[in-house]
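K.L.:
here you go, sequence then predicted model.
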Amino acid sequence: MKKTLVVAGVVALLTGPAAAQLESPLFSKVQPNIVNPGGKSLAMGGAFVSVADDATAAFANPAGLTQLSSWQVGASGKTFIFEPSLSTQNYLSTSPTAPFTRDTLDVYRPKDQTYDLEFASVVGPVTSNISVALYRAVNLRFRLDSSDIRVTGQAERQEGYRAFFINSGGTDGISFDEQGGLDLRNEMYGGAVAARFGPLNVGGSVNVNKLRFDLLGDGTRNRHTFTVNDVNRGIAQTSYPTIDADVTASTSGSKVGWSVGIRYDLWEASRVSIGAVYRKSPTFDIDYSVRATRALDNRVVADFACGRDDTVNQVSGSSACGTFHVPDDFSIGISGNVFTQDLLIALEVQRVRYSQLNDGFVPLFAYVVGGQRYVSSGESDDGTLYRAGAEYTFTLGTTILNLRAGYYREPAHGMKIQLYPDADRDRRPDPGSTAANLTSPPYTDAFATSFDGGKAENHISFGVGVSIARHLSIDVAFDTSPSSQQGVLSAFYRF
């Protein structure tokens, strides 16, 4: 069985077009930072689409730009700490014929941190009813490196992340590892315009997006590697080799995205407004290269890239070109000073198409059990985020002090994997087929553990803002959840 698994895995790498998402445990925990920029928005739990009363409206809801009565410039910096939970289920069979049972469960918490100038803009009115903006924003940020993970649930310490380990009878074993990391970042440069028609405000923006999509090396070999380790102590390693598949990815060029927004003043005396925005993000082309090597003798068994078929096995159709889609999102909210003029309350619902992160999922290996071939398929659920925020204002002469707090619930949106029959060997689930439940070996259960889709998380946020002489505003905010923490410092100057 194990010999068939490894050989079929290499064949799977050789055939069919590739795309952005991979059979990668690290990808299963991508956390898109799809939240409005700026300290005020973050402190209020991101419930800002109906408020949109500072320069970040150029991104959050361009319809809000008409509220700005003077020109202003501003910038916002963010630190983002990622600490997701990765799980590995190990399995044991007491003999080659005995059923597999769950053995140890290893849980890892890799940690990484990024710093970004998340937003900068120049905004202002050109007439009494029309406002414009130029801005720069970062709307997708994630970085995670498995080089900092050390496996502690096994006799030998293993650098990188082990997705699963299956031990049969103490003599046979097979595992799937990933060494390296990934770095995702989408930077936007755009312009926005808004117009007022009585209580109705409408706006839109167009932006040029530049994506960073990097597979990082493992810190020692400078390669991002997926490895199938196949061990049988009774048969020569030439029959049961370990295969290292080194994968690189690159992007080039820029793509255009856009957004449209509205804001309607329901009750001007109490600043009660509703707002909505839809943001359309682009799809990027990803170039891959794959080089698979047998560790026993360093023999190259596959070598191909985007626009180049496998030169080792002369397999056509193996060109590794793919795509990556930054998720689209839609938000609608309401805000106002309902109880007192000093207290602003904001509520918002946001829908994010997380499933777009898995468009064109790429299975790396084929799994052969009982003569039947199976391949993996990844998926993520779209998610709805519920946001709530509050701001209390103190006026101290020419200084205005704002205390803010917020909450939102982020749904589970990580990647899940199931195995499907691939009888026609096109490295895609057979049409009309249903997910297989492979229990011997327990591949289905192993993937369900490593690619569990993540968990829903509660975010608590808070912050403070100070406006001095109504010209300079400084906002500080923090956001915390079980797997991430954010901190923002922003400043805006009004002329």
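P.N.:
Now that the structure is in, tell me what you want to look at.

K.L.:
quick check: buried residues in stretch 114-133?
P.N.:
Within stretch 114-133, the residues scored as buried using 16 or more other C-beta atoms under 10 Å are 114, 116, 118, 119, 120, 121, 123, 124, 125, 131, 132, 133. Using the backbone N, CA and C atoms, a C-beta is placed for each residue, glycine as well.

K.L.:
in the helix or strand harbouring the last one, which residues are buried?
P.N.:
Taking DSSP states H and E as the definition, residue 133 sits inside strand 130-145. Across strand 130-145, burial judged by 16+ other C-beta under 10 Å covers 131-133, 135-145.

K.L.:
columns pLDDT and distance to residue 303 on top of those residues, output as a markdown table?
P.N.:
As requested, those are arranged in a markdown table below (pLDDT from 0 to 100; distance: C-beta to C-beta, whole Å):
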| residue | pLDDT | distance to residue 303 |
| --- | --- | --- |
| 131 | 97 | 55 |
| 132 | 98 | 51 |
| 133 | 97 | 48 |
| 135 | 97 | 43 |
| 136 | 96 | 39 |
| 137 | 94 | 39 |
| 138 | 92 | 35 |
| 139 | 87 | 36 |
| 140 | 85 | 31 |
| 141 | 86 | 33 |
| 142 | 85 | 29 |
| 143 | 85 | 28 |
| 144 | 82 | 27 |
| 145 | 79 | 26 |
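
K.L.:
which one among those residues gets closest to residue 446?
P.N.:
Among the buried residues of strand 130-145, residue 144 lies closest to residue 446 (C-beta to C-beta), at 20.8 Å.

K.L.:
beta partners of the closest one?
P.N.:
Legend: beta-bridge partners of residue 144 under DSSP bridges are residue 182.

K.L.:
now swap in residue 76 and tell me
P.N.:
On the basis of DSSP bridges, residue 76 takes part in beta bridges with residue 119, residue 490.

K.L.:
quick one, what contacts it?
P.N.:
37-39, 56, 117-120, 475, 488-491 (C-beta atoms under 8 Å, 6 or more residues apart in numbering).

K.L.:
repeat that for residue 474.
P.N.:
Contacts for residue 474 (C-beta under 8 Å, 6+ apart) come out as 39, 465, 466, 468, 489, 490, 491.

K.L.:
not counting sequence-adjacent ones, nearest residue to the third one?
P.N.:
On the basis of C-beta to C-beta, 6 or more residues apart in numbering, the spatially nearest residue to residue 466 that is not a chain neighbour turns out to be residue 474, at 5.2 Å.

K.L.:
okay, how far is it across stretch 49-56, tip to tip?
P.N.:
Stretch 49-56 stretches 10 Å from its first residue to its last (C-alpha to C-alpha, to the nearest Å).

K.L.:
all helices of the stretch 1-150 of the chain, in order?
P.N.:
2-14, 39-43, 57-60 (DSSP state H, counting those that start in this stretch).

K.L.:
CA atoms only: put the shortest one into PDB for me.
P.N.:
In this case it means helix 57-60. The C-alpha coordinates for helix 57-60 follow below in PDB (Å, rounded to 0.1, in the frame of the first residue of the first chain):
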ATOM      1  CA  ALA A  57     -14.100  56.200   4.600                       C
ATOM      2  CA  ALA A  58     -12.200  56.100   1.300                       C
ATOM      3  CA  PHE A  59     -11.900  52.400   1.900                       C
ATOM      4  CA  ALA A  60     -14.600  51.600   4.500                       C
END
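
K.L.:
mind giving me the packing neighbours of that helix?
P.N.:
Judged by 3 or more C-beta pairs under 8 Å, 6 or more residues apart in numbering; DSSP states H and E, helix 57-60 is in contact with strand 112-125, strand 130-145, strand 181-197, strand 200-216.

K.L.:
can you add distance to residue 382 and give these back as CSV?
P.N.:
What follows is the helices and strands packed on helix 57-60, written out as CSV (distance: least, C-beta to C-beta, whole Å):
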stretch, distance to residue 382
strand 112-125, 24
strand 130-145, 16
strand 181-197, 19
strand 200-216, 21
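
K.L.:
how close does the residue lying farthest from the centre of the chain sit to residue 467?
P.N.:
Relative to the C-alpha centroid of the chain, counting by C-alpha atoms, centre = their mean, residue 397 is the outermost residue, at 44.6 Å. Distance of residue 397 to residue 467, given as C-beta to C-beta, to the nearest Å: 11 Å.

K.L.:
any low-confidence regions in the stretch 201-350 of the chain?
P.N.:
Applying pLDDT under 70 to the stretch 201-350 of the chain flags residues 219-221, 231-241, 313-320.

K.L.:
hmm, try it at 90
P.N.:
Filtered on pLDDT under 90, the stretch 201-350 of the chain yields the residue ranges 213-253, 267-271, 283-327, 338-340.

K.L.:
bridge partners for residue 260, pull those for me.
P.N.:
Counting by DSSP bridges, residue 260 is bridged to residue 204, residue 278.

K.L.:
one step back: and which of the contacts of residue 474 is nearest residue 175?
P.N.:
Residue 175 lies nearest to residue 489 out of these, by C-beta to C-beta, at 44.0 Å.

K.L.:
go ahead and confirm the closest one touches residue 75.
P.N.:
No: with contacts counted by C-beta atoms under 8 Å, residue 489 stays clear of residue 75, the gap being 9.2 Å.

K.L.:
skipping adjacent residues, who's closest to residue 43 in space?
P.N.:
Nearest to residue 43 is residue 463, by C-beta to C-beta, 6+ apart, at 2.9 Å.

K.L.:
where's the one you found, which helix or strand?
P.N.:
Going by DSSP H and E, residue 463 is in strand 457-468.

K.L.:
what strands line up against the next helix or strand after that strand, and which way round?
P.N.:
Using DSSP H and E, the next helix or strand after strand 457-468 towards the C-terminus is strand 472-480. Here strand 472-480 has these sheet partners by DSSP bridges: strand 457-468 (antiparallel), strand 484-494 (antiparallel).

K.L.:
circling back to that earlier point, same list (the buried residues of stretch 114-133) but as JSON lines, adding distance to residue 371.
P.N.:
As requested, these are exported to JSON lines (distance: C-beta to C-beta, whole Å):
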{"residue": "114", "distance to residue 371": "47"}
{"residue": "116", "distance to residue 371": "51"}
{"residue": "118", "distance to residue 371": "53"}
{"residue": "119", "distance to residue 371": "56"}
{"residue": "120", "distance to residue 371": "59"}
{"residue": "121", "distance to residue 371": "61"}
{"residue": "123", "distance to residue 371": "65"}
{"residue": "124", "distance to residue 371": "70"}
{"residue": "125", "distance to residue 371": "72"}
{"residue": "131", "distance to residue 371": "67"}
{"residue": "132", "distance to residue 371": "66"}
{"residue": "133", "distance to residue 371": "62"}
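
K.L.:
for the helix or strand harbouring residue 284, which helices and strands make contact with it?
P.N.:
Assessed by DSSP H and E, residue 284 sits inside strand 283-294. In terms of contacts (3+ C-beta pairs under 8 Å, 6+ apart), strand 283-294 is packed against helix 2-14, strand 200-216, strand 243-251, strand 299-305, strand 321-325.

K.L.:
what's that strand in contact with?
P.N.:
Contacts of strand 283-294 (C-beta under 8 Å, 6+ apart): 10, 13, 18-20, 209, 211, 213, 241-253, 255, 299-307, 320-326, 359.

K.L.:
just how off-centre is it within its chain?
P.N.:
Distance of strand 283-294 from the chain centroid (C-alpha atoms, centre = their mean, to the nearest Å) equals 19 Å.
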